[in-house]
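Peer 1: sharing a model that was predicted from the sequence below.
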Number of protein chains: 2
Amino acid sequence: ESKKMLGGFGWGDVHHPSASETKGDYDGRWLFVNDNANNRVARIDLRDFKTKQILGPIPNISGLHGGAFVTPNTEYVLAASRFSVPLPKGTVEPIEDYATKYNGLVSGIAINPQSGEMSVGWQILMPPFNFDLGDAGKGPSEGWAFWTCYNSERATGKLEVTSTQKDRDYTAAVNWKEVEKAVKEGKTKDIGGVKVIDPKATPGLVYLVPCSKSPHGVDVSPDGKWFIGSGKLQSITTAFSVEKMLKAIQAKDFSGDEDGIPVLKYESVKEAEVNVGLGPLHTQFDNQGYAYTSLFVESAVAKWKLGSWEVADKVPIAYNIGHLVAAEGDTVNPDGKYLVALNKLSHGRHLNVGPSQPESSQLINIGGDKMKVIYDAFTEPEPHYSQMIKADKIKPIEVYPKEENKNPNAIWDIKDAKVERSGNNVTVKMVAVRSSFEPLKLEVNQGDKVTIHITNIEQTTDELHGLGLNEYNLNIVIDPGETKTITFVADKPGVFPYYCTN
Amino acid sequence: ESKKMLGGFGWGDVHHPSASETKGDYDGRWLFVNDNANNRVARIDLRDFKTKQILGPIPNISGLHGGAFVTPNTEYVLAASRFSVPLPKGTVEPIEDYATKYNGLVSGIAINPQSGEMSVGWQILMPPFNFDLGDAGKGPSEGWAFWTCYNSERATGKLEVTSTQKDRDYTAAVNWKEVEKAVKEGKTKDIGGVKVIDPKATPGLVYLVPCSKSPHGVDVSPDGKWFIGSGKLQSITTAFSVEKMLKAIQAKDFSGDEDGIPVLKYESVKEAEVNVGLGPLHTQFDNQGYAYTSLFVESAVAKWKLGSWEVADKVPIAYNIGHLVAAEGDTVNPDGKYLVALNKLSHGRHLNVGPSQPESSQLINIGGDKMKVIYDAFTEPEPHYSQMIKADKIKPIEVYPKEENKNPNAIWDIKDAKVERSGNNVTVKMVAVRSSFEPLKLEVNQGDKVTIHITNIEQTTDELHGLGLNEYNLNIVIDPGETKTITFVADKPGVFPYYCTN
């Protein structure tokens, strides 16, 4: 079952987890996370902390870095391409035609409000920019989605050189409520089996807001009035006004377009430039009206006030901070109190353990006027984004209730355990219970195909059972109340002990 | 290369790491660890913290739980069978004949003193007992190896019932220096391609010392004079005297035999019974002459004095402690100061995260008269044994020196990067350097077999590079100075971005 869900992929590159929201606040139901390597999104059920669905590879998305970020009622998980390719996938165009024949893409993955089931909602064809990170609007900006992008030069080759020629890159602003309508009205074309909006053919849905070049995060304030965009080569972060953006759109106050997508004027949408310091990347928020911006170059966190745009405090971290996360710090209702700096290096702070060195995270108390680092922890490379949710919002089960187990091969009494043979197929219904399996012994012929349906009949907590078969490369863990199935061909002769691996 | 080393196995069950020793003290060269599931032993090189060899599945060993434990100069890594099977593997005998036709086995894996290369050294055929844990003698007991075993009843079925009928199980004592001689003298028979000692045919090498039933650890004191054996169903742990054991062997003071292996008398070898408390499992040592025994049932650590056999202190842990580890606490020269309790449950101390619950370890200050728990950490299930070594004994490299790279496909200059074609085979010599790969672009035909030799030409620390290919399920990490190779068939048409994953 796990193998089927993984779809043949042996690795993923997970960056940005996003907790599901109701009215813009974490609701403790699901956690979504992107796979940048294979263009997938996974849904983890917070009822049992298990991955229940992996969607993808998603058509037309290439390098799914710009996700997962949920809209305020988890209507969609935002997802976007970091690496433009000719579309549909499978098409080959020369790299020399990158600027005109390759496409970026932004997308909303639709979430079933009851089951959490993910499916491709909408997709919008974009210029071949590299979409990096996103956030959903809320309050006055609800219905909008924002993504930063770099390489507005549409360059190829060594991007650190070729994609930093222009002074500004963009934040893309997508009116996803209008996109929904346009999709319903059939204003799409089929690309790779998905109904895709082409902004040239359907205007009024997407706009580009110039921002500092090579931006990372775009983060919407808890009140939804501002979106904060940082460029890592600057010493300022820009607070953009949603109100000004909407006015500029209404007034068609455009400086030009990119493949038919109107470009707004930086000065028309900018509310303030905040002098945070060198290399600003990402911003989080607290419950006192402050924002916290990570400073990659300066190795610090800057605390600054929304509205007055003044920097109130700065704390050094060790060092090269990338993302940061505050307690429910990307919701309409942040908790304040704590922030974790997710650092890209821990140079000089860790014991040497060879070429692959640990990175670090630091817990910062943001409850007082001055920020204070109160704890260090080493982590495996490389920390990306994170979520911090109040523990009482999550109430996981510890045992799967027997009455929920609808598996037709489940058995609940040792008396029902049995071995059945049909030709070369041996089917076993097995019970796992404290210190024993039933049947205790399986005797099959070499070459038989053996299917074991195993039910853990425990209904008490922390009584997991594992079935591991010596030298047969088989191991399965069954939680209390679960039924699982393993199948193997008994191709090796001999006596093979099995044992409880949990 | 990694796949080849893993030998087709997708999982292992690693229990007991063992740091290499010189003169009974950690020397910081290698770490060995067992795989209980697939009867393997791995060697990790502490120069770069990477696994360099996996030996196995090892012939005749079934359920390699009784390892890895090194002898004082790392001549051997001890390894033993937990699950007896008919030998050689592949033989089938009815389970009803378990007592007579199944065999346990104890073994020494020979270690090349220069390279650390592992090979099967010696094996000894044993009765079908379940060998659990072991330790090597030192000082007056150097040349001896000890293993506990349970199920001296030779029972099958539900072992928690059937294997606890007798009052005592055994510690097996093996004179491995004499075993070496016997092997050289050809006193072996071939079983499964290995020269195996049969104690019936070659007496004087193995003895059985009765101990508390259902024992876990057997631990030799730093001075090598005592071996401590605990049975989890008792409230005492027994200190056995090496001197008394040797005298009893010399005097042939036996109570009988098991398949020709002499059984010594408990009272003749016992030095003292220490009233540690309920459910003693494992023992570690400090530099002040104290021993520390984990108490599974009582959820505590008992501190007691070697020689006076008096309990000096007890500290509660939370809870159900299994193994424990003190600073260099299994060497001839323990450090004292710190001990970690490796707990099997963390009930009530962790936030609920679903059916699979975290376990915990607790750091205990043992530097004073009273032990004190000073730190808690949650760990993934299930903590087994551990090693605690002084940091200054390990000096890993952070960069592979260029002059050590003997890979014929290594290149060190971007100018040498190239793509060569021979029929459908495309061979690429690639350079990875900060922010770039060279060649930057690969254009191949659908169906081509592509081999990429990639050299990370960096010679500065923490400049690892990764090559991940979108949707192609390929990712490789290359440390500074390393050359690695990946091969794939370009079976999917289209444009596939690759990126640095590290």
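Peer 2: Ah, there it is.
Peer 1: give me the residue from the stretch 101-250 of chain A nearest chain B.
Peer 2: Taking C-beta to the nearest C-beta as the measure, the stretch 101-250 of chain A has A:Glu160 as its residue closest to chain B, at 4.7 Å. Backbone N, C-alpha and C define where each C-beta goes, glycine included.
Peer 1: A:Glu160: which element?
Peer 2: helix A:159-162 (DSSP states H and E).
Peer 1: list the buried ones in stretch A:303-316?
Peer 2: A:Lys303, A:Trp304, A:Leu306, A:Trp309, A:Val311, A:Asp313, A:Lys314, A:Val315 (16 or more other C-beta atoms under 10 Å in any protein chain shown).
Peer 1: tell me the one of these nearest chain B?
Peer 2: Taking the buried residues of stretch A:303-316 together and measuring to chain B by C-beta to the nearest C-beta, the closest member is A:Val315, at 23.5 Å.
Peer 1: contacts only, for the residue of the stretch 101-250 of chain A closest to chain B.
Peer 2: Contacts for A:Glu160 were tallied using C-beta atoms under 8 Å, 6 or more residues apart in numbering or on different chains; they are B:Ser435, B:Ser436.
Peer 1: which stretches in chain A count as helices?
Peer 2: Ranges of helices in chain A, per DSSP state H, are A:2-6, A:98-101, A:159-162, A:176-184, A:242-250, A:266-269.
Peer 1: lowest average confidence, helix or strand, in chain A?
Peer 2: helix A:159-162 (a mean of 72; mean pLDDT, DSSP states H and E).
Peer 1: pull the distance from it to the chain's centre.
Peer 2: On the basis of C-alpha atoms, centre = their mean, to the nearest Å, helix A:159-162 sits 26 Å off its chain's mean C-alpha point.
Peer 1: buried residues in it, which are they?
Peer 2: A:Leu159.
Peer 1: what of stretch A:437-453?
Peer 2: Within stretch A:437-453, the residues scored as buried using 16+ other C-beta under 10 Å are A:Phe437, A:Glu438, A:Leu442, A:Asp448, A:Val450, A:Thr451, A:Ile452, A:His453.
Peer 1: same question for stretch A:74-94.
Peer 2: The neighbour-count check on stretch A:74-94 (16+ other C-beta under 10 Å) flags A:74-89, A:91 as buried.
Peer 1: check the residues you listed one by one and keep those near chain B.
Peer 2: A:Phe83, A:Val85, A:Pro86, A:Lys89, A:Thr91 (C-beta under 8 Å from any C-beta of the partner chain).
Peer 1: nearest to B:His65 among those?
Peer 2: Lowest distance from B:His65 to these (C-beta to C-beta) belongs to A:Phe83, with 47.5 Å.
Peer 1: over to that closest one: give its phi and psi.
Peer 2: phi -120, psi 110 (degrees, to the nearest 10).
Peer 1: correct me if wrong: it contacts B:Glu471.
Peer 2: No - using C-beta atoms under 8 Å, A:Phe83 makes no contact with B:Glu471, being 10.7 Å away.
Peer 1: sorry, back to before: between the helices of chain A, which has the poorest mean confidence score?
Peer 2: Lowest mean pLDDT within these: helix A:159-162, at a mean of 72.
Peer 1: tell me, how many residues neighbour A:Ala239?
Peer 2: 22 (other C-beta atoms under 10 Å in any protein chain shown).
Peer 1: pretty sure it contacts A:Ser230?
Peer 2: No - counting by C-beta under 8 Å, A:Ala239 sits too far from A:Ser230 to count as a contact (10.3 Å).
Peer 1: buried set for stretch A:279-292?
Peer 2: Buried residues in stretch A:279-292 (16+ other C-beta under 10 Å): A:Gly279, A:Pro280, A:Leu281, A:His282, A:Thr283, A:Gln284, A:Phe285, A:Asp286, A:Asn287, A:Tyr290, A:Ala291, A:Tyr292.
Peer 1: the residues you listed: which ones sit near chain B?
Peer 2: Near chain B, by the rule C-beta under 8 Å from any C-beta, you find none of the buried residues of stretch A:279-292.
Peer 1: list the contacts for A:Leu342?
Peer 2: A:Ile321, A:Gly322, A:His323, A:Leu324, A:Val325, A:Ser361, A:Thr379, A:Pro383, A:His384, A:Tyr385, A:Ser386.
Peer 1: quick check: chain neighbours aside, which residue is closest to the fourth one?
Peer 2: With C-beta to C-beta, 6 or more residues apart in numbering or on different chains as the measure, A:Ser294 is the residue that lies nearest to A:Leu324, at 4.5 Å, once sequence neighbours are left out.
Peer 1: show the contacting residues for the one you found.
Peer 2: Counted by C-beta under 8 Å, 6+ apart, A:Ser294 has contacts A:Pro280, A:Leu281, A:His282, A:Thr283, A:Val301, A:Ile321, A:Gly322, A:His323, A:Leu324, A:Ala341.
Peer 1: repeat that for 10 Å
Peer 2: A:216-217, A:230, A:232, A:276, A:279-284, A:300-302, A:317, A:320-325, A:339, A:341-343 (C-beta atoms under 10 Å, 6 or more residues apart in numbering or on different chains).
Peer 1: narrow these to those in strands?
Peer 2: When the contacts of A:Ser294 are checked against strands (DSSP state E), the matches are A:216-217, A:230, A:280-284, A:300-302, A:321-325, A:339, A:341-343.
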